[in-house]
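Chemist: Everything below, folded, please.
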Amino acid sequence: MRSPRRGHSSEVISTAASGWETRIVQFASVVILVHAADDALLDRDGAPLGRTWAPLLLTAIVVAAANAFVPRMRPGLRAVAVLTLGVLALTNGTMHVIEVLNLGFDAGEVTGLAEAGAGAALILLAAAIPYAHRNAFRTSRLAAWRNRGLGALGVLLWTAGLLIPVVIAIVQGHQYRRTIEDPPSAAYHDVSFRSSDGLRLRGWYVPSHNGAAVVVVSSARGDRNGSIAHARLLARHGYGVLLYDARGSGRSEGTSNGYGWAWDRDVEGALDFLSGRPDVERSRIGALGLSTGADVLLEVAAADHRIKAVVADGSTARSVADIPDASLLEKASFAPMFLSLRLLTGTAPGPPLVDLVPRVAPTPLLLIASGSIPEELPANLRYAAAGRGPVTLWQRPQGAHTGGIREEPVRYERRVVRAFDEGLRASRG
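Modeler: Numbers count the residues shown, from 1 in each chain. As a prediction, the model looks like this:
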C-alpha cells in the first residue's frame, strides 16, 4: 500500500476482514440458519407454519446481510456487528441449554445447543477483531482516545437502544420449559384440552364440590408451577380449579410468549373444558390471572361472558399502547422489543387494556395491584377508573408483584374467595 504523504496525521494499513474472520462468520451463520429452519419447520411443537415462517425469514435476512456487509466494514464496526449477531445467537441458544439442563437431552435440541456454541464463537471473534487490526490506523494519541470514546458511546447507545430490547424479545418469545412435577395430591387429576386454535394443552383439574369452578392463568413463565398455591386456596373452599400450562410451556404444545399474546385462545379452550364438566354449572365459572395471566383475562373477559367473576392480580401492560404516561425515551426503548417479539412469534397484542376493561361489565372484577413494579399501581388505577361494572381495586403499595398470597395470606384469601363467592353465587344466571 502506498505510504501517506508527509504531513498527514493518519495512515490506513488494512481494514478488510481476514480470511479466518470471514470463515468464522460464515460457519456461525450456517449454524444459526440451520437452527432457525429446525425451529420453524421441524420442531414447531404443534404451532402452525403460518406463525413460524416469519422468524425463519428474518433470520435468513440477518444472516445474509451479515455475510454481505460485515467483511467490508471497518474493524470497529465489524466487531460491533459480529458481537450483535453473537449475543443474539447465544441468547437464543442458551434457552435450549437451560431446557436441556432442566429436562434432559433431547435430539430436537441439537441445533439449539450448536447455536449457543456459534454465538459464543462470534463473541470471542468480536473481542479478537480490534486486537487483530490494532495497527490498521496510525493516528495521534489524542485522536486515538477520541475515537475510542466515540466508539464506546456508539456501542452504549446501540446496546441500550436495540441489542438489549431484542435480547429481551428473544427471551420472552422462546422461554425454556420447566419440569412439571407430580400433582400436589390425589385430588389433582391430569387433564388435557384444546386451545381454540387447536393446540393440545395440559394441566391439572380439581373437581368442584360447590358447583362452581375457577380457571387459573399463570404469569409470564406460563406453566402451572406458578399457580399451585392459588389452586390450593380455591380448592379449600370447594371450588373446582383448572390450572394448566400455557402454550409453549410445561407440557403444552406451541411456542411461548412471555407477554401472553395469543393466550386468549388458551383461556377459551379452558372455558370450553369447564363448560363441559358435569360437576360445574355453566353459569358459575370464574377466572384468576397472575401478572401476564391477569392481562390476558382482562382481554378474554371483555369478549367472553362465560366468565362470571374475574380476579386480576398484577395486571400491568403488554404493549406500548398500555403505557400512556411513558416518556418518549421509554417508548423508544419498548418499541424495538415489542416489534421484535411480533416478528419472532408471529403474534400481536390485542387492543389496549384500558379500552377492554369497560367491556368486562357486568362481570365483577377484582384488581390487585402492588408497588414493586412502578407501572403496576398507575395502570390499575386507570383500569379501575375505566370500568363500567362492579370493579374493586385492592392497592398494596409496599407489596411485591403478585406477592399478596405470600405476604398477606389471610387477607388475600378473604378478598379472593369473597370475590368468587359473590360473583359465582348459585342464583347468578
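Chemist: Now residue 333. Nearest residue, chain neighbours left out?
Modeler: Nearest residue to residue 333 in three dimensions, chain neighbours excluded: residue 165, at 6.1 Å (CB to CB, 6 or more residues apart in numbering). In short, each C-beta sits where N, CA and C put it, glycine included.
Chemist: what's around that neighbour, how many residues?
Modeler: With neighbours defined by other CB atoms under 10 Å, the count for residue 165 comes to 21.
Chemist: check contacts around it.
Modeler: Contact partners of residue 165, counting by CB atoms under 8 Å, 6 or more residues apart in numbering, are 333, 334, 335, 336, 337, 340.
Chemist: Enumerate the positions of stretch 59-72 that are buried.
Modeler: Neighbour counts over stretch 59-72 (16 or more other CB atoms under 10 Å) mark 59, 62, 63, 66, 70, 71 as buried.
Chemist: Report the mean confidence score over that stretch.
Modeler: Stretch 59-72 shows a mean pLDDT of 87.
Chemist: gap between that stretch and the chain center?
Modeler: A distance of 27 Å separates the centroid of the chain from that of stretch 59-72, by CA atoms, centre = their mean, to the nearest Å.
Chemist: in the stretch 201-350 of the chain, which ranges drop under the pLDDT threshold?
Modeler: 326-327 (pLDDT under 70).
Chemist: for it, what spans make up the helices?
Modeler: Taking DSSP state H, counting those that start in this stretch, the helices of the stretch 201-350 of the chain run over residues 228-236, 263-275, 292-303, 328-345.
Chemist: Pull up the gap between residue 124 and residue 73, please.
Modeler: Distance of residue 124 to residue 73, computed by CB to CB, to the nearest Å: 18 Å.
Chemist: out of these two, which sits in the more crowded spot?
Modeler: Each of residue 124 and residue 73 has its neighbours counted (other CB under 10 Å); residue 73 has more, 17 against 13.
Chemist: Leaving aside the residues adjacent along the chain, what's closest to the more buried one?
Modeler: residue 81 (6.2 Å).
Chemist: relative to helix 328-345, how tilted is the helix or strand where that neighbour lies?
Modeler: Using DSSP states H and E, residue 81 maps to helix 75-103. Orientation check (axes from the mean of the first three to the mean of the last three CA atoms, to 10 degrees): helix 75-103 against helix 328-345 gives 60 degrees.
Chemist: CA atoms only: put the helix or strand following helix 75-103 into PDB for me.
Modeler: Under the assignment DSSP H and E, the closest C-terminal helix or strand after helix 75-103 is helix 110-132. The C-alpha trace of helix 110-132 is given here as PDB (Å, rounded to 0.1, in the frame of the first residue of the first chain):
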ATOM      1  CA  VAL A 110     -29.100 -30.400  19.000                       C
ATOM      2  CA  THR A 111     -29.300 -27.400  16.700                       C
ATOM      3  CA  GLY A 112     -30.100 -25.100  19.600                       C
ATOM      4  CA  LEU A 113     -27.100 -26.200  21.500                       C
ATOM      5  CA  ALA A 114     -25.000 -25.700  18.400                       C
ATOM      6  CA  GLU A 115     -26.300 -22.200  18.000                       C
ATOM      7  CA  ALA A 116     -25.200 -21.400  21.600                       C
ATOM      8  CA  GLY A 117     -21.700 -22.500  20.600                       C
ATOM      9  CA  ALA A 118     -21.800 -20.400  17.400                       C
ATOM     10  CA  GLY A 119     -22.900 -17.400  19.400                       C
ATOM     11  CA  ALA A 120     -20.100 -17.800  21.900                       C
ATOM     12  CA  ALA A 121     -17.600 -18.200  19.000                       C
ATOM     13  CA  LEU A 122     -18.800 -14.900  17.400                       C
ATOM     14  CA  ILE A 123     -18.500 -13.100  20.700                       C
ATOM     15  CA  LEU A 124     -14.900 -14.300  21.000                       C
ATOM     16  CA  LEU A 125     -14.300 -13.200  17.400                       C
ATOM     17  CA  ALA A 126     -15.700  -9.700  18.200                       C
ATOM     18  CA  ALA A 127     -13.200  -9.400  21.000                       C
ATOM     19  CA  ALA A 128     -10.300 -10.500  18.800                       C
ATOM     20  CA  ILE A 129     -11.100  -8.200  15.800                       C
ATOM     21  CA  PRO A 130      -9.900  -4.900  17.500                       C
ATOM     22  CA  TYR A 131      -6.700  -6.600  18.600                       C
ATOM     23  CA  ALA A 132      -6.000  -8.200  15.200                       C
END
